[in-house]
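S.K.: make a model of this:
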Amino acid sequence: MKKITKGLLCGLLLLSIGSFAFAGGNKESNSSNSKNIRIGVSPGPYGDMVKVALEPYLESKGYTVSVVQFSDWVQPDQALNNGELEANLMQHTIYLDAFSKANKLDLSSLIAVPTAGAGVFSNDYTSLDQLQEGDHVALASDATNLARSLGILSRYNIITLKDDIDPTKVSLLDIADNPKKLVFKTLDGAQIVRSLDSVAIGIVPGNYAIAANLDYNRALAIETLAEGYKNVVALRSSDIDGVLGKVLKAAVESPEFYNAITNPNSIFNTFDRPQWWIDKYGENK
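M.R.: Numbers count the residues shown, from 1 in each chain. Purely as a prediction, here's the structure:
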């Protein structure tokens, strides 16, 4: 019995040492000094942006980049906060700040990137001037994209919004005037593309429009994004001023990134540029 017990204890000790060494190895490979960078993305074009525009520069500096695809906008921030990712690129600053605060995550924005605005699409019309009284309009149902969609309609004088309202919190209740008596149908953003046969126009969030291969050259209008709605590279706050933060910021500001975005054959060439880009290059689109 003593021999069995002694052997069992030795086995457990070796197992513990092996497990400790394995865990330590994982922690080492995922540190901010690692040459492996895992970047989380959600549905939309930003996984391609990582591969086409960010990866060439990072690889030239000796880094290996992995794109980790998620099916929603919740998991990438949780995975980043838990150390399963080094960065993510799938959200704007307003969402990042609100989600981090609500879920007690210590995440921060590093730098904004060119971002696809929502587009107004129609299978029936070629101009917003063609809208008829009583036409049905599809809008995203989530609060953020609904506010943005109503802002687009207001900008093009399709509706009038109440004075002195927060543009980030606008709802259907804030419509002051709807002269064409349009009927608004709120849907999940992904469903609006499929609804275009049954509505006069649909305002499709940029990521869904691009995922559905909608042609922005045929859009009746394209959103001009406020700075807070431009997507950002997000990191754990502790990495912002470290090696990881510096190399990712340099990648976004690199000639390789600029050339990939401004390629005339690239879909990214239609995206709204962040303010730092406009200041640096003197151009928006």
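S.K.: all helices of the stretch 101-250 of the chain, in order?
M.R.: Under the criterion DSSP state H, counting those that start in this stretch, the stretch 101-250 of the chain contains helices at 143-155, 189-192, 206-211, 243-252.
S.K.: next up, the contacts around the spatially most central residue of the chain.
M.R.: Nearest to the mean C-alpha position of the chain, counting by C-alpha atoms, centre = their mean, stands Met90 at 2.5 Å. Met90 makes contact with 40-42, 44, 46, 70, 73, 76, 231, according to C-beta atoms under 8 Å, 6 or more residues apart in numbering. For every residue, glycine as well, the C-beta is placed using N, CA and C.
S.K.: so it: helix, strand or coil?
M.R.: strand (DSSP: H, G, I helix; E, B strand; the rest coil).
S.K.: per-residue confidence for it?
M.R.: With respect to pLDDT, Met90 has a value of 94.
S.K.: burial measure for the residue nearest to it when sequence neighbours are not counted, as a count.
M.R.: Sequence neighbours aside, Ser42 is the residue nearest to Met90 in space, at 4.0 Å (criterion: C-beta to C-beta, 6 or more residues apart in numbering). Residues lying near Ser42 (other C-beta atoms under 10 Å) number 19.
S.K.: phi first, then psi, for Ser42.
M.R.: Dihedral pair for Ser42: phi -110, psi 180, per degrees, to the nearest 10.
S.K.: could you check how far it is from Ala226?
M.R.: Counting by C-beta to C-beta, to the nearest Å, the gap from Ser42 to Ala226 is 20 Å.
S.K.: Leu235 now?
M.R.: Taken as C-beta to C-beta, the span from Leu235 to Ala226 is 22 Å.
S.K.: circling back: tabulate the contacts of Met90 (CSV), appending secondary structure and distance to Asn259.
M.R.: Listed next are those as CSV, based on DSSP: H, G, I helix; E, B strand; the rest coil; distance: C-beta to C-beta, whole Å:
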residue, secondary structure, distance to Asn259
Gly40, strand, 25
Val41, strand, 21
Ser42, coil, 25
Gly44, coil, 22
Tyr46, helix, 18
Phe70, coil, 28
Trp73, coil, 29
Pro76, helix, 27
Asn231, strand, 19
